[in-house]
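K.L.:
Structure of the sequence below:
(one chain, ligands or ions: 1)
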Amino acid sequence: MTLVVSRRRFFAGGLAAAGALGLGGVANARGLSHGMFTHGVASGDPLGEAVIIWTRFVTADAGPGRIGWEVAEDESFATLVASGTVEVRPARDFCVKVDVGGLKPGRHYVYRFISAKGDSVTGLTRTAPDKGVASLSFAQLSCANLAFGYFHAYRDALSRPDLDLCVHLGDYIYEYRRGKYPAAKDAVPERVLEPETEIVSPSDYHRRYARYRDDPDLQELHRTKPWIVIWDDHEFADDAWRDGAENHDPLTQGTWAARRAAAIAAYFDWLPIRHASRDGISIYRRFDWGGLATLIALDTRIVGRSKQPDYDVFKPYTDKDDAALAAAVESFRKREMADPSRTMLGKAQEAWLGGELRRSKAAGVPWQIILQQVLVGSVSSPPEMSKFLPDDASEGSKAFMALRTRLVTQGLPFVVDNWNGYPMARARLLAALQANANNALVLAGDSHNAWANDLPGDGRLAGVEIGCTSVSSPGIEAVLNRAEPGAREAVLTEFNEGLSWCDNANRGYTLVTVTPEAAVANYIATGSVRTRDAALTGETRLVSAASAHGAQAWARA
Ligand SMILES: [Fe+2]
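P.N.:
Residues are numbered from 1 along each chain as shown. You can find the predicted model right below:
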């Protein structure tokens, strides 16, 4: 609906005395429902002329219902630019979304929902600019585990008024039961999970989202900024791939297809994401930002990913010598790592990405920003990292570290759930970025620590990468905790070519600002997530200059 109408005209609905009626009376006359707004409002997926608005309204009788919505240019709502009504359905967990069209590019808007009982809170949002913007500024967020602690990163982002957007790269929720991750001793007592069990069924996923969205910082950041979101594994189950997950047991938890469908439905219900695809599973999509940047959001988890390489095949070599292990590694490398059919994106998404990059480059857009889940840069953990494992570490941790360290010595990556486990797919991605992007900026979450990678290309960089740390989930410092400040980081940057900087100690997020000249990554470190109040503890600023030869290596700014 695109008409500019007055608030009175929308509600009058042909009632001669409408102006004299209270809102409830008018709303009743138009058939709006009684009930309650339970989780504030949210917006997302801003295009030049459209944005998604979201709320959740539980009807008084818990049945189907109808509420109104309004979008205006100022908080008085004196002049509406769009309005309408929308159905509330119990099957959708009472979540409603409207794809508001007919808006103007590059404008700020306010919105709210209306019931017979009154209005929702007022949300703030904006549309993407169509031309001539000097900068784009967004918060890059990932990995918020509610039971591990408070969401200080969301709270800190609220204090940054210049943000255009929030970009969430996944692990927005975690699937585990109470006491699993975190263990009971590490859980913050006030942050009690609902439901108590691991989430598997549709109602489990719905209830988990509802519990997370009770968080006041998360709710307020949704209310005040449009978000662009993509899922990672924990919106489904740990180490998910196309046809399963490490943390999914079909014998006790039902089919992967059923669990995946439940997870996807709840995600679409609760998050302000546009239903973009006919297949109901593809969330890869593009946002143009005023000729300055093309934001390309990918799914490296669900739609196409092949199964992760299985390091369990090396367990029998735990007690064997390095020569025996070397032979096994060689055959593994040929069989798994060199297989070009193993993919992160799947054929269709890979082809789509190439097309989007070419289109953006041809249009002269300076920056191609890739929103995706897991680290592209080939960061690995060298043998020296073992010295940070404390003597009282569990036997399991020691055995894990010992075997992985031997594999790294043989040339395999430490972690294989990220692009490290898919070297042929990564080579194709980097080649596409080098050939078809002007300046490629890759965003990653998932790792729970902060990274700045220069991505190698053929003769020059293919792009640069920002890995943001987690909102609240623990990083490698939780395991490798026998280290002086900066010691882990020194070992990792020395070992990993292309790793320009890292932080393995802090929770937080990254503030990213892009101009035609440069991308600036401001890594924000927040204090302990175990207490409600924690101040900002640090900022580290890195810059990558745009150039005719692509994005330049990260430098401290
Ligand atoms: Fe995570």
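
K.L.:
residues in contact with the residue nearest in space to the middle of the chain?
P.N.:
The residue lying closest to the centre of the chain (Cα atoms, centre = their mean) is Leu169, at 1.8 Å. Listed by Cβ atoms under 8 Å, 6 or more residues apart in numbering, the contact partners of Leu169 are 140-142, 230, 232, 371-373, 443-446, 468. (Glycine included, C-beta is placed from N, CA and C.)

K.L.:
Not counting residues beside it along the chain, what's closest to it?
P.N.:
Gly445 (3.4 Å; Cβ to Cβ, 6 or more residues apart in numbering).

K.L.:
on that earlier part again, okay if I get the contacts of Leu169 as JSON lines plus neighbour count, distance to Asn481 and secondary structure?
P.N.:
Listed next are those as JSON lines, based on neighbours: other Cβ atoms under 10 Å; distance: Cβ to Cβ, whole Å; DSSP: H, G, I helix; E, B strand; the rest coil:
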{"residue": "Gln140", "neighbour count": "28", "distance to Asn481": "26", "secondary structure": "strand"}
{"residue": "Leu141", "neighbour count": "28", "distance to Asn481": "25", "secondary structure": "strand"}
{"residue": "Ser142", "neighbour count": "28", "distance to Asn481": "22", "secondary structure": "coil"}
{"residue": "Ile230", "neighbour count": "27", "distance to Asn481": "31", "secondary structure": "coil"}
{"residue": "Asp232", "neighbour count": "24", "distance to Asn481": "25", "secondary structure": "coil"}
{"residue": "Leu371", "neighbour count": "26", "distance to Asn481": "31", "secondary structure": "strand"}
{"residue": "Gln372", "neighbour count": "28", "distance to Asn481": "29", "secondary structure": "coil"}
{"residue": "Gln373", "neighbour count": "27", "distance to Asn481": "26", "secondary structure": "coil"}
{"residue": "Leu443", "neighbour count": "26", "distance to Asn481": "28", "secondary structure": "strand"}
{"residue": "Ala444", "neighbour count": "27", "distance to Asn481": "24", "secondary structure": "strand"}
{"residue": "Gly445", "neighbour count": "31", "distance to Asn481": "22", "secondary structure": "coil"}
{"residue": "Asp446", "neighbour count": "26", "distance to Asn481": "21", "secondary structure": "coil"}
{"residue": "Cys468", "neighbour count": "31", "distance to Asn481": "21", "secondary structure": "coil"}
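
K.L.:
Out of those residues, the closest to the ion would be?
P.N.:
The ion lies nearest to Asp446 out of the contacts of Leu169, by Cβ to the ion, at 5.6 Å.

K.L.:
tell me the contacts of the nearest residue to the closest one once chain neighbours are set aside?
P.N.:
Nearest non-adjacent residue to Asp446, counting by Cβ to Cβ, 6+ apart: Val374, 4.6 Å away. Counting by Cβ under 8 Å, 6+ apart, Val374 makes contact with Asp232, Thr300, Asp417, Asn418, Trp419, Ala444, Gly445, Asp446, Ser447.

K.L.:
If we use 7 Å, what do you get?
P.N.:
With contact set as Cβ atoms under 7 Å, 6 or more residues apart in numbering, Val374 has these partners: Thr300, Asp417, Asn418, Trp419, Ala444, Asp446.

K.L.:
I figured the first one hits Gly346, correct?
P.N.:
I take that to be Thr300. No. In this structure, Thr300 is not within contact of Gly346 by Cβ atoms under 7 Å, at 9.6 Å.

K.L.:
ok, the residue of the stretch 451-557 of the chain found nearest the ion to Val464 distance?
P.N.:
In the stretch 451-557 of the chain, no residue comes nearer to the ion than Ser473, which is 4.8 Å away by Cβ to the ion. Using Cβ to Cβ, to the nearest Å, Ser473 is found at 24 Å from Val464.

K.L.:
Do you know the pLDDT at the residue of the stretch 451-557 of the chain closest to the ion?
P.N.:
For Ser473, the model assigns a pLDDT of 98.

K.L.:
With Gly22 instead?
P.N.:
Listed pLDDT for Gly22 reads 38.

K.L.:
re earlier: the residue of the stretch 451-557 of the chain closest to the ion: neighbour count?
P.N.:
Ser473: 25 surrounding residues under other Cβ atoms under 10 Å.

K.L.:
Could you look up the SS state of it?
P.N.:
With DSSP: H, G, I helix; E, B strand; the rest coil as the basis, Ser473 sits in coil.
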